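1. starting from these lines, generate the structure:
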Amino acid sequence: MDKANEGFRRYRLSVSTAGCDEGPEVYYAGATLRLRYDHEGLPWTTVSFDGVLAMRTIPDATVSELQLEAYSAVIEVETSQWMNGLLGKTEPHYRMPLRRHFIIYFDHWGAVEVLAQSFQITVDE
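-> Numbers count the residues shown, from 1 in each chain. Okay, the predicted model is just below:
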């Protein structure tokens, strides 16, 4: 992990999110989100998010500079307006467990933003 800019942390992916032939594939069920993607003949990579509260996709033509920072990386937004907005709508009626705001960007596809407790990366054998 390296801190590339104030306001977010970057976790580099060992396999680039550019050049997907078939992916990314999005699987969202319950509190789990799995993003699978391929890269030029390499084994598929899966980024799994656990404790998911919300997710959203952003088409490539409308991504922001912050979302582009998540190119071949998962970034964690330190001060999230999206998360704060959701928290503001639920408090004081419902106390949400701690979540983190993650973003990943896929070239020519777009970005996925996730509010989750954690994530992990695995590469198919």
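
2. quick one: find the helix or strand in the protein with the lowest mean pLDDT.
-> None of the helices or strands of the chain scores lower by mean pLDDT, DSSP states H and E than strand 2-5, at a mean of 44.

3. next secondary structure element downstream of that strand?
-> Later in the chain than strand 2-5, the nearest helix or strand by DSSP states H and E is strand 8-12.

4. confirm for me that Thr122 is in contact with Thr46.
-> Yes: using C-beta atoms under 8 Å, Thr122 is in contact with Thr46, at 5.0 Å. Backbone N, C-alpha and C define where each C-beta goes, glycine included.

5. between those two, who's got more neighbours?
-> Between Thr122 and Thr46, counted using other C-beta atoms under 10 Å, the more crowded position is Thr46 (18 against 13).

6. helix or strand for the more buried one, which one?
-> Element membership for Thr46, per DSSP H and E: strand 42-50.

7. relative to that strand, what are the paired strands and their orientations?
-> Partners of strand 42-50 in the sheet, by DSSP bridges, are strand 32-39 (antiparallel), strand 118-123 (antiparallel).

8. next, the angle strand 8-12 makes with it.
-> Per axes from the mean of the first three to the mean of the last three C-alpha atoms, to 10 degrees, the angle that strand 42-50 makes with strand 8-12 is 140 degrees.

9. list the buried residues for stretch 43-55?
-> 44-49, 51-53, 55 (16 or more other C-beta atoms under 10 Å).
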